[in-house]
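1. Model the structure of this input:
(one chain, ligands or ions: 2)
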Amino acid sequence: MSYVIGIDLGTSAVKALLVDRDGAVRGEAAREYPLYHEHSGWSEQEPEDWVEATVEALRQLTASAGIAPDEVEGISFSGQMHGLMLLNGDGRPVRRAILWNDTRTSEQCRQIERTLGSKLLGIARNPALEGFTLPKILWVRQHEPDVFAQARQFVLPKDYVRYRLTGALHMDYSDAAGTLLLDVAEKRWSGEIREAFGLSESFYPPLVASHEPVGTLLPQWAGRTGLSPGVKVFAGGADNACGAIGAGILSEGLTLCSIGTSGVILSYENDKTKDFAGKAHFFNHGKEDAYYAMGVTLAAGYSLSWFKKTFAPEQSFDRLLEGVGDVPPGAGGLLFTPYLVGERTPHADAAIRGSFIGIDGSHERIHFVRAVMEGITFSLNETVDIFRRAGKTVDRVVSIGGGAQNPAWLQMQADIFGASVVPLENEQGPGLGAAMLAAYGCGWFESLEECAARFVRHGDPYEPNPDAVRAYEELFRLYRSVYGQTRPLSAELAPFRV
Ligand SMILES: Nc1ncnc2c1ncn2[C@@H]1O[C@H](COP(=O)(O)OP(=O)(O)O)[C@@H](O)[C@H]1O
Ligand SMILES: O=C(CO)[C@@H](O)[C@H](O)COP(=O)(O)O
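-> Numbers count the residues shown, from 1 in each chain. Ligands and ions are numbered 1, 2, ... in the order given. Have a look, this model is predicted:
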C-alpha cells in the first residue's frame with residue numbers, strides 16, 4: 001500500500017493523519033503542547049515542543065498502523081498562521097514563538113498604518129492587525145533589541161517544524177499572506193513594505209506553492225519516526241487554507257466554517273482584485289492562483305475550552321455538552337460575547353473582553369454552555385453577514401474543526417447562519433487538506449479538485465429550522481449591541497487585568 005501523511009500543527013496540539021490512495025484515514029496520532037500567557041494578551045509557544053510533539057506523533061502513527069517505512073510516499077503540513085519564529089545564523093530560535101492570538105502589538109499596528117497608509121491594503125490586502133506577523137517583528141525589534149540583533153531570518157510555525165525535519169527553509173504563499181509582508185495578488189515579497197521597515201532581503205525565506213516538494217526527511221529522524229529518509233516533503237499551507245482544501249472548498253460559492261481554537265468563516269475567491277475594504281482578511285489559497293476571504297473569531301473553541309477548564313475540568317466536551325440541544329435558542333435570556341483575548345472580525349479590538357449578560361437565578365450550567373456556543377456562533381455570523389452584504393451567497397456552509405463534532409452545535413450553526421450546514425463524514429480538520437497537498441504533490445492526482453472528488457466526503461446537511469432562525473435573528477441584533485456597550489467598561493477594567 002502507499003500512503004501520505006498530513007500534519008496539522010494546531011494551537012493546542014499537533015495531529016498527524018495517515019491517508020491511503022482512496023482518502024481513507026488509516027491512522028491518526030496527536031500530541032498536545034502548552035501555551036504560555038505570561039501577561040494579559042500574550043500568547044507564546046516553545047518551538048522545540050512543536051518539533052518533539054510532531055516527531056512523537058509520527059512515531060506513534062507509524063507504529064500503531066504497522067506500516068513499512070517506504071509505504072509512506074509524501075508528507076505535508078498545515079499550520080497555525082501568523083506566529084513569529086526568529087532564527088539566528090545557525091537556524092536556531094532566538095526566543096519563543098509569538099502566536100496569532102497574541103495581541104501585544106497594538107502600538108506597532110498604528111506604526112504600520114502611519115508608515116504605509118492606504119498602500120498597506122493595496123499591497124498586503126489586509127489591515128494591520130495585532131495577530132499578524134509584521135507587527136510582531138516590530139515589537140521584538142523595539143522591546144527586545146538584543147534578541148532581535150541575533151535574528152537572521154523569520155518563518156512561521158509549520159515552516160520551522162518542516163525546516164527541522166528536512167533542513168530546508170521555505171514559506172508557502174498561503175501562510176506568507178498572513179505576514180503583511182506579501183504582495184498578495186502578485187505572489188512575491190513586497191519590496192515596498194520591506195524597505196519601509198528597513199528589513200533585509202535575507203531576512204525572508206524563499207516562497208513556494210503549497211504542493212511543491214521542498215526536500216526529504218533528514219536521516220536522523222527516519223529511525224525515530226518510522227519513516228524512510230527518502231519520503232518527499234511538500235510545503236503545505238496555512239491551517240485555514242488546508243481546512244478549505246480538506247473540506248473541498250475549491251471553487252466559488254462554497255463557504256467554510258471552522259471552529260478550532262479560533263473560529264473562521266471562509267469563502268473561496270477566484271478574483272484577486274475582490275475588495276472587502278479590509279473588513280475581511282484576503283489571503284492566497286493553498287490551491288495555486290486562488291484566493292479566499294475570511295473573518296476570524298479569536299476565541300471560538302478557546303471560549304468553550306476556557307469554560308470547561310474553569311468550571312468542569314474533569315469532564316469531557318461530550319459530557320459538558322450533554323443536553324445542550326434541549327435548551328431553547330437564547331439560553332434562557334443569557335448572552336455571551338467571546339472576546340476572551342480581544343477580537344478580530346468585525347471588531348479589530350485587542351482591548352475588548354468577553355461578557356455574560358442576563359444571568360438569572362434560574363440558570364444552570366447548561367445555560368452557560370449553550371450561551372457560550374451561541375456567542376461563538378453569533379460572532380462567526382458577523383462574517384457571514386459581511387459576505388452577504390458584499391454580494392456573496394452563503395447558503396451552504398461546510399463545517400469542520402472541534403466544533404463540528406457536536407450535532408446540537410451543527411444545528412445551531414444552521415439556525416444562526418440561516419444556511420444548510422454540512423459536516424464531513426470523517427471530520428479530520430486541516431490535516432486532511434495537508435494530506436491532499438502531499439497526494440497531489442506525489443502525482444496521485446492531476447489536480448486538487450480530482451483529489452477532493454476522491455478524498456472529501458460530505459455528510460448529511462443540517463437544515464435551518466424556521467422558528468429557530470426567527471428567534472436567532474432577534475437575538476443576533478441584541479448580541480451585536482453588546483460590543484459597543486461593553487467597550488468602555490472593558491477599557492476601564494483593563495488596569496485590573498494581570
Ligand atoms: N466533542 C466536542 N464537542 C464540541 N466541541 C468540541 C469537542 N471537542 C473539541 N471541541 C472544541 O474544539 C476546539 C478544538 O478544536 P481543534 O480543531 O481540535 O483545535 P485546534 O486545531 O485549534 O487545536 C476546542 O477548543 C473545543 O472548544
Ligand atoms: O489567526 C488565525 C487565522 O488568521 C487562526 O485561524 C490561526 O491560524 C490558528 O488556528 P487554529 O489553531 O484555531 O486552527
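2. Which single residue of the stretch 51-200 of the chain ends up nearest ligand 1?
-> Closest residue of the stretch 51-200 of the chain to ligand 1, CB to the nearest ligand atom: Gln80 (7.1 Å). (C-beta placed from N, C-alpha, C; glycine too.)
3. quick one: the nearest residue to that residue once chain neighbours are set aside from ligand 1, how far?
-> Computed as CB to CB, 6 or more residues apart in numbering, the closest residue to Gln80 that is not its neighbour in sequence is Thr11, at 5.0 Å. The gap separating Thr11 from ligand 1 is 4 Å, by CB to the nearest ligand atom, to the nearest Å.
4. which SSE is the residue in the chain sticking out farthest from the centre in?
-> Relative to the C-alpha centroid of the chain, counting by CA atoms, centre = their mean, Gly361 is the outermost residue, at 37.2 Å. Taking DSSP states H and E as the definition, Gly361 sits outside all helices and strands.
5. what's the pLDDT at it?
-> Note for Gly361: predicted pLDDT of 98.
6. Check the one 5 residues further on too.
-> Looking at Ile366, its pLDDT reads 98.
7. Would you quantify the distance from it to ligand 1?
-> Applying CB to the nearest ligand atom to Ile366 and ligand 1 gives a distance of 14 Å.
8. which residues touch the residue nearest to Gln80?
-> When contacts are counted by CB atoms under 8 Å, 6 or more residues apart in numbering, Thr11 touches Leu35, Gln45, Gln80, Leu99, Trp100, Asn101, Gly260, Thr261, Ser262.
9. Save those residues as a markdown table, and put in neighbour count too.
-> Shown next, in a markdown table, are the contacts of Thr11 (neighbours: other CB atoms under 10 Å):
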| residue | neighbour count |
| --- | --- |
| Leu35 | 18 |
| Gln45 | 22 |
| Gln80 | 28 |
| Leu99 | 23 |
| Trp100 | 28 |
| Asn101 | 26 |
| Gly260 | 24 |
| Thr261 | 24 |
| Ser262 | 25 |
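10. Could you check the helix or strand hosting Phe148 and say which residues are buried?
-> Using DSSP H and E, Phe148 maps to helix 145-150. Of all the residues in helix 145-150, those buried under the rule 16 or more other CB atoms under 10 Å are Phe148, Gln150.
11. Outside of that helix itself, list whatever touches it.
-> Leu86, Asn88, Val94, Arg95, Val140, Arg141.
12. Quick one, which of those are buried?
-> By 16+ other CB under 10 Å, these give Leu86, Val94, Arg95, Val140, Arg141 as buried.
13. Isn't Pro47 up against Arg95?
-> No - the criterion here is CB atoms under 8 Å, and Pro47 misses it with Arg95 at 9.3 Å.
14. residues touching whatever residue of the stretch 301-450 of the chain ends up closest to ligand 1, list them.
-> Nearest residue of the stretch 301-450 of the chain to ligand 1: Gly402, at 1.8 Å (CB to the nearest ligand atom). By CB under 8 Å, 6+ apart, the contact list for Gly402 reads Ile259, Gly260, Gly301, Phe317, Gly429.
15. okay, these in CSV with secondary structure, distance to Ser228 and pLDDT next?
-> Formatted as CSV, the contacts of Gly402 follow (DSSP: H, G, I helix; E, B strand; the rest coil; distance: CB to CB, whole Å; pLDDT from 0 to 100):
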residue, secondary structure, distance to Ser228, pLDDT
Ile259, strand, 36, 94
Gly260, coil, 31, 89
Gly301, helix, 35, 96
Phe317, helix, 37, 97
Gly429, coil, 26, 82
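16. ok so, going back, please tell me how far the residue farthest from the centre of the chain sits from Val369.
-> To Val369, Gly361 is 18 Å away according to CB to CB, to the nearest Å.
17. Distance check, the residue nearest to Gly79 when sequence neighbours are not counted against ligand 2.
-> Of all residues beyond its chain neighbours, the one nearest Gly79 is Lys158 (2.6 Å), with distances taken as CB to CB, 6+ apart. Lys158 sits 10 Å away from ligand 2, going by CB to the nearest ligand atom.
18. Glu474 now?
-> Computed as CB to the nearest ligand atom, the Glu474 to ligand 2 distance reads 30 Å.
19. Equivalent analysis for Cys451, please.
-> The gap separating Cys451 from ligand 2 is 22 Å, by CB to the nearest ligand atom.
20. wait, what's in contact with the nearest residue to that residue once chain neighbours are set aside?
-> Leaving aside its chain neighbours, Cys451 sits nearest to Phe445 (4.1 Å; criterion: CB to CB, 6+ apart). Contact analysis of Phe445 by CB under 8 Å, 6+ apart lists Ala439, Cys451, Arg454.
21. Average pLDDT for the helix or strand encompassing the second one, rounded please.
-> Yep, that's Cys451 we're talking about. In the assignment (DSSP H and E), Cys451 maps to helix 448-455. When pLDDT is averaged over helix 448-455, the result is 97.
22. do the same with stretch 273-283
-> Averaging the model's pLDDT scores along stretch 273-283 yields 91.
23. Just the C-alpha atoms of it, please, in CSV.
-> Presented in CSV, the C-alpha positions along stretch 273-283 are these (Å, rounded to 0.1, in the frame of the first residue of the first chain):
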residue,chain,number,x,y,z
THR,A,273,-9.0,42.1,-7.2
LYS,A,274,-12.0,41.4,-5.0
ASP,A,275,-12.1,44.2,-2.4
PHE,A,276,-13.6,43.7,1.1
ALA,A,277,-12.1,47.1,2.2
GLY,A,278,-10.2,45.3,4.9
LYS,A,279,-13.4,44.1,6.6
ALA,A,280,-12.5,40.5,5.9
HIS,A,281,-9.0,39.0,5.5
PHE,A,282,-8.0,38.3,1.9
PHE,A,283,-5.4,35.6,1.5
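24. quick one: the helices in the stretch 101-250 of the chain?
-> Ranges of helices within the stretch 101-250 of the chain are 106-116, 119-124, 133-143, 145-150, 157-166, 173-176, 191-196, 219-225, 239-246, based on DSSP state H, counting those that start in this stretch.
25. Which of those has the highest mean neighbour count?
-> Compared across those, helix 239-246 shows the largest average neighbour count, a mean of 33 (mean count of other CB atoms under 10 Å).
26. ok, and what's touching the worst-scoring helix or strand of the chain on mean pLDDT?
-> For the chain, using mean pLDDT, DSSP states H and E, the weakest element among its helices and strands is helix 219-225, scoring a mean of 93. Contact with helix 219-225 is made by Val55, Leu58, Arg59, Thr62, Pro69, Leu165, Leu217, Leu227, Ser228, Pro229, as judged by CB under 8 Å, 6+ apart.
27. Just send the contacts of helix 145-150 back as TSV, with distance to Thr115 and pLDDT too.
-> Shown next, in TSV, are these (distance: CB to CB, whole Å; pLDDT from 0 to 100):
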residue	distance to Thr115	pLDDT
Leu86	21	98
Asn88	27	98
Val94	24	98
Arg95	24	98
Val140	17	98
Arg141	13	98
